[in-house]
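Engineer: Next comes the sequence, and after it the predicted model I'd like to discuss.
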Amino acid sequence: MPTYSYEECLQTAYRVNWRIGDVMGTQQFDRTRRWLPSALSGVDRISALTAEEKTKLSHVEMGAYAHLFGYVEEFIAPRMLSLAQDFAIDNRAAFDALVNFAAEEVKHMNLFREVRGRVDEAIGFPLALIGNEKAVARVVLEKNTGAMLLLTSAIEWFTQLHYLSTFKDDEGLDPFTKHIFRHHWLEEAQHAKMDHLETLRAFDTMTPTEKDTAIDDLIGLVAAVDGLLGQQAALDIQNLERYLGRALSEAQRLDVHRGVLRAKRYAFIESGVTHPNFMALFEAVTTPAQQGKVQDAFKGLLSEAT
Ligand SMILES: [Fe+2]
Ligand SMILES: [Fe+2]
């Protein structure tokens with residue numbers, strides 16, 4: 001398993017650091033192109049829409065994709081700040097790196113707010129997006145810290161996979177979208193490494209009973225994420241109908257919902273929990289019995305099940 005250091009994470013974070021204004025500039029989205037790579041979008045899984053309609057679907061899906069990052073950053077930022085306090089004064093490298101991590105997530109939330117504004121301008125109406133982020137953040141922060149950190153680790157490793165394997169070399173993709181998620185990827189690389197360090201630290205001091213609680217909480221958190229993805233998939237259809245200026249038939253609606261939800265489950269759950277770096281961490285902090293329990297719980301959410 002790789003080893004990471006807080007000091008190195010902080011130095012890299014300072015080197016790649018960017019400002020929201022520099023990322024957003026005055027650039028606009030190109031409505032003739034797709035805004036989300038096909039692996040993260042339902043478009044290639046749907047037969048009900050024309051090519052032009054699929055392009056528009058990718059626009060509303062990208063607005064939701066950006067929103068969901070801001071949504072999870074609502075709980076990641078405060079948790080990193082509270083973890084940083086464990087190191088105050090005695091371990092400045094860890095304290096500084098984690099405080100900076102929290103500050104970057106605050107910046108990302110503001111970045112994604114601006115992205116959503118720019119998306120709304122480009123498509124001509126405000127996208128319907130899942131709400132309640134503050135209430136959800138409160139619930140997540142009350143869960144076992146190890147569970148929350150494993151969920152966060154899966155999320156931050158998939159930001160790496162998404163950019164490198166889907167955004168980076170997609171020539172047909174809108175360049176502004178690629179530019180935004182490239183910058184997010186640059187800073188998230190350090191977050192994923194610090195999640196790893198913090199997850200090991202959290203599990204290191206847990207009793208076997210607390211570890212069982214962590215596993216149960218993780219299963220509950222992933223189920224909650226899946227519930228949110230289902231809600232957003234329904235809103236994506238509503239957004240698409242408004243964008244197209246027509247109602248879809250019931251059969252088309254079902255087809256689009258199935259494709260969009262499948263893509264969101266891959267993007268927000270499967271690509272994280274099957275990421276090799278997440279799996280190595282997960283195996284390091286769990287027993288084979290706990291691993292089996294999680295695998296059983298996730299079975300219905302992974303590709304081969306649907
Ligand atoms: Fe972020
Ligand atoms: Fe992050």
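Structural biologist: Cool, got the structure. Note that this is a predicted model, so its numbers are computed, not measured. Ligands and ions are numbered 1, 2, ... in the order given.

Engineer: can you map out the helices along the chain?
Structural biologist: 6-16, 20-24, 51-85, 92-123, 133-142, 145-162, 175-204, 208-244, 250-265, 271-273, 276-285, 288-298 (DSSP state H).

Engineer: and of those helices, who's closest to ligand 2?
Structural biologist: When the helices of the chain are ranked by proximity to ligand 2, the top entry is helix 175-204, at 3.5 Å, counting by CB to the ion. Backbone N, C-alpha and C define where each C-beta goes, glycine included.

Engineer: and that closest one, what does it pack onto?
Structural biologist: Under the contact criterion of 3 or more CB pairs under 8 Å, 6 or more residues apart in numbering; DSSP states H and E, helix 175-204 touches helix 6-16, helix 20-24, helix 51-85, helix 92-123, helix 145-162, helix 276-285.

Engineer: let's see 6 Å
Structural biologist: helix 6-16, helix 92-123, helix 145-162, helix 276-285 (3 or more CB pairs under 6 Å, 6 or more residues apart in numbering; DSSP states H and E).

Engineer: Give me whichever of those helices is most buried.
Structural biologist: helix 145-162 (a mean of 24; mean count of other CB atoms under 10 Å).

Engineer: outside of that helix, which residues touch it?
Structural biologist: Applying CB atoms under 6 Å, 6 or more residues apart in numbering, the contact partners of helix 145-162 are 72, 76, 140, 185, 188, 191-192, 195, 198-199, 202-203, 214, 217-218, 221, 271-273, 275, 277-278, 281.

Engineer: Could you list which residues are in contact with the nearest residue to Asp30 once chain neighbours are set aside?
Structural biologist: What sits nearest to Asp30 in space, not counting adjacent residues and going by CB to CB, 6 or more residues apart in numbering, is Asp174, at 4.9 Å. With contact set as CB under 6 Å, 6+ apart, Asp174 has these partners: 29-30, 33, 35.

Engineer: one step back: nearest to Asp44, out of the helices and strands packed on helix 175-204?
Structural biologist: Nearest to Asp44, of all those, is helix 145-162, at 15.8 Å by CB to CB.

Engineer: Could you check the angle the closest one makes with helix 288-298?
Structural biologist: Per axes from the mean of the first three to the mean of the last three CA atoms, to 10 degrees, the angle that helix 145-162 makes with helix 288-298 is 60 degrees.
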